[in-house]
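Chemist: test case, fold it:
(4 chains)
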There are 2 protein chains.
Amino acid sequence: MSKKKQDLVDHAESLFYNHGIHAIGLKRIVTEANVALMTMYNHFESKEDLVLEVLKQREDRYFDLLRSHVNTSDNQALAIARAHSEWLRSSRQNGCMFLRAKEEYSDPTHPINTYVVAHKEALLAFVKKENFNHEDAMRLVLLLEGATSLAEVVDVDEVATQLQSMVTTTIGE
Amino acid sequence: MSKKKQDLVDHAESLFYNHGIHAIGLKRIVTEANVALMTMYNHFESKEDLVLEVLKQREDRYFDLLRSHVNTSDNQALAIARAHSEWLRSSRQNGCMFLRAKEEYSDPTHPINTYVVAHKEALLAFVKKENFNHEDAMRLVLLLEGATSLAEVVDVDEVATQLQSMVTTTIGE
DNA sequence: TTAAAAATATAATGATCGTTCTATTTATCA
DNA sequence: TGATAAATAGAACGATCATTATATTTTTAA
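Modeler: As a prediction, the model looks like this:
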């Protein structure tokens, strides 16, 4: 991935996350990324294509973070809760970018929509892989999503504390 | 509220919820509501003003639903969970419209942003009023928000079942 | 029936949208 | 150095955006 292309993805992710996809024009992205508009169309077929690349890179970063915590802990539920807390703390509190992308492209046949659904199914599969049954996996993800939302209106550290506490008492080890 | 004005609010709410605020133009709203564009500007100062009215009416409906359940139950936590489940089941699964509006207008000084923050604070206050301490109120709202998000990718009935189960075991009676 | 109010159709504003085209410049590397 | 590739600036496309102006019609009530 060339430096210019990566600059585009990084600035697009930040702007999309802070303001939404429809709210941000390509001109704003290329300007802040110090890239020509034609360079963007040289690297991506369309705005939708850029959105998908943003989601793909964000997904990779999220699962890498989960894996790094799970691999160095013997309490997998708590490890996931701690990783998610770290994820929340590391960015502005503006909700889950994947769900927000899905909400903006609510047509279930749209590539962005199907990508997000697959991402959340991958998250459930990730949890199940750590020896949680279907019900516990659902409950754990519900707690993660709840923390993401609540952190939009309540101090993220307080939310993280409650999340880890609830995960410990709710999810069977 | 005149019939035309109410038609505008109803169609705006549906379109905003399904596609997002920035994604929907006023022309689309007035066309589907069978109202002239100038009639919309006769009733509302701007698109932002229309959005605020949509949120206000939606908030009234939500709290009315919560109250009706709480007033006819002696288990207030479960009553709130059941009311929220009914709320989720009664519409498309596209997340929390309040948080989504806040995410689209992420400037903390924007009227839409401050309205949503006040709404979530009102929700926390509503829960506390039912004899829950600060910590339990936060936990209950975290579960509600988690259910709203999870229902976007998992069958809403299954989510509602887990929500009520988790509330029962998590929130002190 | 008549006066006031509400709603209408249409067009224009200036701005921005995603996308495409052309032509020129810069960077890479043999 | 010279050839190839990457990035650039700038304009144009048709479309849509929120908003305002004008003028006409419809509805409501006295």
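Chemist: list the contacts of A:Val30.
Modeler: A:8, A:36-37, A:39-40 (C-beta atoms under 8 Å, 6 or more residues apart in numbering or on different chains). Just so you know, the C-beta spots here come from the backbone N, C-alpha and C atoms, and that holds for glycine as well.
Chemist: which of these are buried?
Modeler: Among the contacts of A:Val30, those classed as buried by 16 or more other C-beta atoms under 10 Å in any protein chain shown are A:8, A:39-40.
Chemist: among the residues you listed, which ones are in helices?
Modeler: In helices, judged by DSSP state H, the following of the buried ones among the contacts of A:Val30 are found: A:8, A:39-40.
Chemist: closest to B:Glu145 among those?
Modeler: Taking C-beta to C-beta as the measure, B:Glu145 lies nearest A:Leu8 of these, at 32.5 Å.
Chemist: tell me the contacts of the spatially closest residue to that closest one that is not a sequence neighbour?
Modeler: Spatial nearest neighbour of A:Leu8, excluding adjacent residues (C-beta to C-beta, 6 or more residues apart in numbering or on different chains): A:Ala33 at 5.1 Å. By C-beta under 8 Å, 6+ apart, A:Ala33 lies in contact with A:4, A:7-8, A:10-12.
Chemist: cool, and A:Leu140?
Modeler: Here A:Leu140 is in contact with A:77, A:80-81, A:127, A:132, A:167, A:170-171 (C-beta under 8 Å, 6+ apart).
Chemist: which SSE is immediately downstream of the helix or strand where it lies?
Modeler: A:Leu140 belongs to helix A:134-150 when assigned by DSSP states H and E. Note on helix A:134-150: by DSSP H and E, the next helix or strand toward the C-terminus is helix A:156-170.
Chemist: just how off-centre is the longest helix seen in chain A within its chain?
Modeler: As assigned by DSSP H, the longest helix anywhere in chain A is helix A:47-70. The chain centroid and the centroid of helix A:47-70 are separated by 7 Å, computed with C-alpha atoms, centre = their mean, to the nearest Å.
Chemist: average model confidence for that helix?
Modeler: The pLDDT scores in helix A:47-70 average 98.
Chemist: who are the packing partners of that helix?
Modeler: Under the contact criterion of 3 or more C-beta pairs under 8 Å, 6 or more residues apart in numbering or on different chains; DSSP states H and E, helix A:47-70 touches helix A:3-19, helix A:26-32, helix A:76-89, helix A:97-104, helix A:111-129.
Chemist: let's see it at 10 Å
Modeler: Applying 3 or more C-beta pairs under 10 Å, 6 or more residues apart in numbering or on different chains; DSSP states H and E, we find helix A:47-70 packed against helix A:3-19, helix A:26-32, helix A:37-43, helix A:76-89, helix A:97-104, helix A:111-129.
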